[in-house]
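> Requesting a structural model of the entry that follows:
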Amino acid sequence: MAGGSHVGALDQGTTSTRFILFDRQGRPVAHAQREHEQIFPRPGWVEHDPAEIWRNSQSVMREALATARLDPSALAAIGITNQRETALIWDRRTGRPLHNALVWQDTRVDPAVAALAREGGIDRFRGRTGLPLASYFSALKLAWLLDAVPEARVRAEAGEVLAGTIDTWLVWNMTGGPEGGLHVTDPTNASRTQLMALDRLAWDDALLDAFRVPRSVLPAIRSSSEVFGETRAPFPGVPIAGILGDQQAALFGQLCFRPGEAKNTYGTGCFALMNTGTEPVASTCGLVTTVGYRLGDAPPVYALEGSIAIAGALVQWLRDNLGLIGASAEVETLARSVEDNGDVYLVPAFSGLYAPHWRADARGILAGLTRFSNKGHIARAALEATAYQTREVLEAMEADSGIAVEALRCDGGMVVNDLLMQFQADILGRPVLRPKVSETTALGAAYAAGLGVGFWPGVEALAEQAGVDRRWHPRMEKARREALFSAWGRAVERSLGWKREEEG
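Below you'll find the model as predicted:
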């Protein structure tokens, strides 16, 4: 059994970075969190400062240990989980980022998506990668960075530039940076770049050529759970033994180890994943096929995923852009001020629609307004939008896999909203479960790291820690459920085709 009394999880998300300490029972004992700036240079462009993220990561790791009154020697291992498709390039010699990171929500490469899709359609690489062509994934972001930053492409070919997703950036810095830092990633993050062959878990030459990304800038693809190396910063000598993209980490933290088990994470975006076993399942219903996790030398486990771009971010938009609420937590109170949505529907296609539609030309709309409508109806419509989108994804998942999801395991910041969770159960017509440990993304990273060093003997031991905090059962009559969902479908139809290709 590994030494150390705790496992740490560095959870680098879209809006903040957290470090959480877990004990052997999988219970969180201390945490620290810092937000980072959201940078919007132009409409549709979203960036993060990688240097700020690294500074925040060091700060929260130190702070959590101080809160717990623990020495770094108490850490048996550290696991990392991260916003996945967000990509960056940096100078190998100095460690300096050459540009802000392009966030997964960023849509500046839409013209490049359209250009590639003209030969073979948006699914031209799906058989090899499990993914449709979309601005969401990392490959075109990396190509844009290499072209936009002066001399970056020439320097990349000369081996002077490194690239990766945020997990790669963090591990490189934690293990020494310019002084011997490890340049690695895991299959869950690599599978989101659109540069990895899904069946071989390896960078694919044909894809690298198509997206114009040189192999020399890319990290080595390792497992999701193994000892990658030891930290040098912010404290020395702790094994880094787990890496999982945030949604796969939540799948792992929810203990979805059997085919057919599914979870949904309600965060900035909304992400549903279903374990499909050791064989990838091709989607014909608008989902993506991705790597769920890989433990050591074991065969990889695959998943179907439905990605929704805007969920919690819609509540932030009500707060920051419209001023309807002063704090995100107030949205439930405002939504409860009305009996129902008043036939108001809010389609949050701010950067197009993701699964199962994959329409970059969609834009957000507020439909069904009358003089009767008020801000309570808009707040309720915002919450319901997340539940409607989740049902769309879940139905696609069942159609692709041929497996009925008996209950949906839920996690993320929005699961504290009882109104949303009850409506989710109502519109799905099946139970919604919230786990006792709500920090399932961080917990999944901790589990992967702990397994990597023997802190926990195997996944069977993890299953003993599972527990449900609350269940929501459907109360709505089927006719009402279907009428609401049909009206949502009409609103979605009206959002399509708003953004025309010639408008750039």
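> measure the residue lying closest to Leu10 once chain neighbours are set aside to Leu88 for me?
With sequence-adjacent residues excluded and distances taken as Cβ to Cβ, 6 or more residues apart in numbering, Leu10 is closest to Ile80, at 5.0 Å. Just so you know, the C-beta spots here come from the backbone N, C-alpha and C atoms, and that holds for glycine as well. Distance, Ile80 to Leu88, by Cβ to Cβ, to the nearest Å: 15 Å.
> ok, now Leu304?
From Leu304 to Leu88 the distance is 28 Å (Cβ to Cβ).
> just Gly44 next, same as before
Applying Cβ to Cβ, the value for Gly44 to Leu88 is 18 Å.
> neighbour-wise, which of these two wins?
Leu88 (27 against 18; other Cβ atoms under 10 Å).
> name the element the more buried one belongs to?
Using DSSP states H and E, Leu88 sits within strand 87-91.
> For that strand, output the C-alpha coordinates as CSV.
Presented in CSV, the C-alpha positions along strand 87-91 are these (Å, rounded to 0.1, in the frame of the first residue of the first chain):
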residue,chain,number,x,y,z
ALA,A,87,-5.1,24.1,-26.2
LEU,A,88,-1.9,26.1,-26.0
ILE,A,89,1.6,26.4,-27.3
TRP,A,90,4.7,27.4,-25.4
ASP,A,91,8.5,27.9,-25.7
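> ok, Arg371 - contacts?
Listed by Cβ atoms under 8 Å, 6 or more residues apart in numbering, Arg371 has no contact partners.
> Pop out the phi and psi values for it.
phi -60, psi -20 (degrees, to the nearest 10).
> Distance-wise, check it relative to Gln194.
Distance from Arg371 to Gln194, by Cβ to Cβ: 47 Å.
> and what of Gly312?
The value you get for Gly312 to Gln194, if Cβ to Cβ is used, is 25 Å.
> Find the nearest non-adjacent residue to Gly375, please.
You called it Gly, but residue 375 is Lys. Setting aside the residues directly before and after it, Lys375 is nearest to Leu324 in space (Cβ to Cβ, 6+ apart), at 5.1 Å.
> so that neighbour touches Ile378, yeah?
Yes - at 6.7 Å, Leu324 and Ile378 qualify as touching, with contact defined as Cβ atoms under 8 Å.
> Looking at those two, which one has more neighbours?
Set Leu324 next to Ile378 and count neighbours by other Cβ under 10 Å: Ile378 wins out with 21 against 17.
> can you tell me which helix or strand the more buried one belongs to?
According to DSSP H and E, Ile378 maps onto helix 375-401.
> What mean pLDDT does that helix get?
Summarised as a single mean, pLDDT over helix 375-401 is 95.
> Please apply the same query to stretch 226-240.
The model assigns stretch 226-240 a mean pLDDT of 96.
> Over to stretch 422-431?
Across stretch 422-431, pLDDT averages out at 96.
> Identify the residues contacting that stretch?
Counting by Cβ under 8 Å, 6+ apart, 383-384, 386-388, 390-391, 394, 405-408, 410, 432, 471-476, 478, 481, 484-485 sit against stretch 422-431.
> in the stretch 51-200 of the chain, which spans are helices?
In the stretch 51-200 of the chain, the helices defined using DSSP state H, counting those that start in this stretch lie at 110-117, 126-129, 138-148, 152-157, 166-174, 187-190.
> Figure out how far the longest one is from the centre of its chain.
Just to be clear, that refers to helix 138-148. Taking Cα atoms, centre = their mean, to the nearest Å, one finds the center of helix 138-148 at 20 Å from the center of the full chain.
> Just the buried residues of it, please?
Of the residues in helix 138-148, 138-146 count as buried by neighbour count, 16 or more other Cβ atoms under 10 Å.
> so which of these comes closest to Leu334?
Nearest to Leu334 among those is Lys141, at 36.0 Å by Cβ to Cβ.
> all strands for the stretch 1-150 of the chain, in order.
6-12, 16-22, 28-35, 47-48, 75-82, 87-91, 101-102 (DSSP state E, counting those that start in this stretch).
> Out of those strands, which gets nearest to Ala115?
For Ala115, the closest of those is strand 101-102, at 17.8 Å, according to Cβ to Cβ.
> Touching the closest one from outside, list them.
Applying Cβ under 8 Å, 6+ apart, the external contacts of strand 101-102 come out as 46-50, 53, 86-88, 108, 141, 144-145, 166, 169.
> Relative to Glu332, which of these is nearest.
Using Cβ to Cβ, the contacts of strand 101-102 come closest to Glu332 at Val46, 26.6 Å.
> Go through the strand holding Leu88 and flag the buried ones.
87-90.
> Just send these back as CSV, with pLDDT too.
As requested, these are exported to CSV (pLDDT from 0 to 100):
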residue, pLDDT
Ala87, 98
Leu88, 98
Ile89, 98
Trp90, 98
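> Need the residues you listed in CSV (columns: distance to Phe423).
Formatted as CSV, those follow (distance: Cβ to Cβ, whole Å):
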residue, distance to Phe423
Ala87, 35
Leu88, 38
Ile89, 42
Trp90, 43
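> shared neighbours of Leu324 and Ile378, anything?
By Cβ under 8 Å, 6+ apart, the residues touching both Leu324 and Ile378 are Leu318.
> okay, and the helix or strand of this structure with the least pLDDT?
Sorted by mean pLDDT, DSSP states H and E, the helices and strands of the chain end with helix 459-463, the least confident at a mean of 85.
> C-terminal to it, what's the next element?
According to DSSP H and E, the helix or strand after helix 459-463 is strand 468-472.
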